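Provide a 3D model corresponding to the input given below.
(chains A and B)
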Amino acid sequence: MFARVALLVLKKDIAIELRSYEIISTTTFFAAACVTIFSFAFTRDDETMAMSAAGIVWIAIAFSGTLALSRTFERERYGETLKALLLAPASRPAIYVGKLLGILCLIFATEILVVPMVALMFQSPLFNRPGMLLGLLVTGTIGYAAVGTLFAAMLVRARTRDVMLPILLYPITIPVIIAGVEGTTALMLSPPDEAMASLWLALLAFFDVVFVTLSLWMFEPLMTE
Amino acid sequence: MSDPDAFDRVDLTDLSRNFGRRRAVSRVSLALRRGDILGLLGPNGAGKSTLLSMLATLVTPTSGTIAYGRWNTKEHGVEIRRRLGVLGHELHLYPELSARENLQFFADLYDLRDAGVVERALDQAGLTERADDQVSSFSRGMRQRLALERSLMHQPTLVLLDEPFTGLDDRAVGIVTQRFRGLAAAGAILVVATHDLDVADGLITRMAVMQAGKLLLATDSGTNVRQQYRALVGAA
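Model (predicted):
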């Protein structure tokens, strides 16, 4: 029942996005613009350029992720459809998971563009260990989106939601972003520091467990006024 | 309303809700029974929508209780919501999806396994011809009819309607009021918050008038609505 509801919400979100491509086009464009601006902003000192790539990847993910979060919940605000979801005889945490999965799909789609783009524009060895990079991206994105989905849902009725979302989200997800940046940097060393990257990966997995558990626990009370 | 497990009454006892220092609903007590069509009347800001939100389990009372038969929201939230139908100010529809897709999504969410439920709802809404059109292309009245059928397709026991006649033409109002009478006759409890006193007169079987969060009147009469309302609240 839980998985069925979560998948229903995910399927609905994908169907709506496929009608307009509104969120995916804006987030990828925004992320690409971020990366391009950064590539011009940094001086062309080879090592600095290459090593800053890790930070650029995660900044682009965080910024475009915020955009995806606010646009996704803006849709649910229009027509108060989030209220309709909360009125359904379904587990409210399952609705949270459905929304989270939708956000993850959007951010992963953005990453498919951003990561190769950063590797190319910054001439950085991001793909030294593609498997571990994938692990860092997946765990980091889950941690970021787990908190983001909770806050975006909570702020859906707030007039200042667009301002409040980054103010609330960034301080709490700083550990996730730092772990992502450090893990990615470790993979770009020559030779790659796999032990260090594994440590950051484990830390990200730990954050995921904590953030997802807390969000599942807090979603229902936060969504009831 | 043949659901044997459903509640047959809803009791509100000393129900209050504060938003910060503002008291939106103040010590309201009411008893609703199957077959009732309660007209919830009052000027803007009277607390009608807050009361409906509390009945819909979306807002927690600051004090007081709501009992749905022997159920309460804390322990039986899912069971209660399965038997709730809500039509609010906003229509709870996805404009990017078609009428059929909207109904199918909510039918799946409510785990309605009857294959014909979506087609019947489309038929009731008079939208069979436009079933595959995006809701964004519909007029307000068409959306309102679709939203109403969306909120009723799981045959709820408690139906909460906030301004259900908005955007409907005369003919549609007639059809919808007939539909409400049919639901009440089948044993549903209807709560209709409206400013349309002419439509309410003759539809509702009971009346509750609120002002500034307080319940001014709760009567078993559903006639002479305008006169009673005017006597309590002023010109309407």
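
Would you mind listing where chain B has pLDDT under the threshold?
B:1-5, B:235-236 (pLDDT under 70).

for chain A, what are the nearby residues on it?
Within reach of chain A by C-beta under 8 Å from any C-beta of the partner chain, chain B has these residues: B:53, B:56-60, B:78-79, B:81-82, B:84, B:86, B:88-97, B:101, B:105-106, B:108-111, B:134. To be clear about C-beta, it is placed using only N, CA and C from the backbone, and glycine gets the same treatment.

In PyMOL, select just the buried ones from those.
Selection of buried members from the residues of chain B next to chain A for PyMOL, criterion 16 or more other C-beta atoms under 10 Å in any protein chain shown:
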select buried, chain B and resi 53+56+57+58+59+79+81+82+84+86+88+91+92+93+94+95+96+97+101+105+106+108+109+110+134
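
Tell me the pLDDT of the nearest residue in space to residue A:190 that is not next to it in sequence.
Spatial nearest neighbour of residue A:190, excluding adjacent residues (C-beta to C-beta, 6 or more residues apart in numbering or on different chains): residue A:125 at 7.2 Å. Per-residue pLDDT puts residue A:125 at 84.

what does the one 4 residues further on give?
At residue A:129, the model reports a pLDDT of 89.

what do you get for residue A:39?
84.

And residue A:49, by the same measure?
pLDDT, residue A:49: 69.

Also residue A:20?
Confidence at residue A:20, expressed as pLDDT, is 86.

My guess is it contacts residue B:96. True?
Yes. Using C-beta atoms under 8 Å, residue A:20 makes contact with residue B:96 at a distance of 6.3 Å.

so how far is stretch A:163-171 from its chain's centroid?
Its chain's C-alpha centre and that of stretch A:163-171 lie 14 Å apart, by C-alpha atoms, centre = their mean, to the nearest Å.

again, but for stretch B:28-44
With C-alpha atoms, centre = their mean, you get 10 Å for stretch B:28-44.

Same question for it: list its buried residues.
Using 16+ other C-beta under 10 Å as the test for burial, stretch B:28-44 gives B:28, B:30, B:32, B:34, B:35, B:36, B:37, B:38, B:39, B:40, B:41, B:42.

For the closest residue to residue A:148 other than its chain neighbours, what is the enclosing helix or strand?
Residue nearest to residue A:148 in three dimensions, not counting chain neighbours: residue A:69, with 4.5 Å by C-beta to C-beta, 6+ apart. Under the criterion of DSSP states H and E, residue A:69 resides in helix A:46-77.

rewinding a little: so which of the residues of chain B next to chain A belong to helices?
Of the positions in those, B:53, B:78, B:79, B:81, B:82, B:101, B:105, B:106, B:108, B:109 sit in helices, assigned by DSSP state H.

out of those residues, which one sits closest to residue B:128?
Nearest to residue B:128 among those: residue B:101, at 14.5 Å, using C-beta to C-beta.

Now do the contacts for the closest one.
A:15, B:94 (C-beta atoms under 8 Å, 6 or more residues apart in numbering or on different chains).

Could you do residue A:157 as well?
Taking C-beta under 8 Å, 6+ apart as the test, what residue A:157 contacts is residue A:77.

circling back: now do the residue nearest to residue A:148: how many residues are near it, please.
By the criterion of other C-beta atoms under 10 Å in any protein chain shown, residue A:69 has 29 neighbours.

ditto for the one 5 residues further on
Using other C-beta under 10 Å, residue A:74 has 14 other residues around it.

any idea how far residue B:170 is from it?
Residue A:74 sits 35 Å away from residue B:170, taking C-beta to C-beta, to the nearest Å as the criterion.

ditto for residue A:172
When residue A:172 is compared with residue B:170 (using C-beta to C-beta), they lie 54 Å apart.

Now residue 23: which helix or strand?
This is for chain A. Per DSSP H and E: residue A:23 is located in helix A:22-41.

right idea, wrong chain: chain B
Using DSSP H and E, the element containing residue B:23 is strand B:22-33.

Neighbouring strands of whichever helix or strand comes after that strand in the sheet, and parallel or not?
Along the chain past strand B:22-33, the next helix or strand (assigned with DSSP H and E) turns out to be strand B:37-41. Take DSSP bridges as the rule and strand B:37-41 pairs in its sheet with strand B:189-193 (parallel), strand B:206-211 (parallel).

still on that earlier bit, which strands and helices lie in contact with the strand holding residue B:23?
Judged by 3 or more C-beta pairs under 8 Å, 6 or more residues apart in numbering or on different chains; DSSP states H and E, the packing partners of strand B:22-33 are strand B:9-19, helix B:48-55, strand B:63-68, strand B:189-193, strand B:206-211, strand B:214-219.

The ones you listed: which one's closest to residue A:93?
Smallest distance to residue A:93 across those (C-beta to C-beta): 21.1 Å, for helix B:48-55.

okay, the angle between the lowest-mean-pLDDT helix or strand in chain A and helix A:22-41?
When the helices and strands of chain A are scored by mean pLDDT, DSSP states H and E, helix A:46-77 comes last with a mean of 86. Calculated by axes from the mean of the first three to the mean of the last three C-alpha atoms, to 10 degrees, helix A:46-77 forms an angle of 160 degrees with helix A:22-41.

Tell me the gap between helix A:46-77 and the middle of its chain.
The answer for helix A:46-77 is 7 Å, by C-alpha atoms, centre = their mean.

before we move on, what about stretch B:95-108?
20 Å.

count of neighbours near the closest residue to residue B:156 other than its chain neighbours?
Nearest residue to residue B:156, sequence neighbours excluded (C-beta to C-beta, 6+ apart): residue B:85, at 3.3 Å. Residue B:85 is flanked by 22 other residues according to other C-beta under 10 Å.

In this structure residue B:85 contacts residue B:162, no?
No. Assessed by C-beta under 8 Å, residue B:85 is found out of contact with residue B:162, at 11.9 Å.

would you list every one of the helices in chain A?
Shown for chain A, the helices assigned by DSSP H span residues A:2-20, A:22-41, A:46-77, A:81-87, A:92-121, A:130-154, A:161-188, A:194-223.
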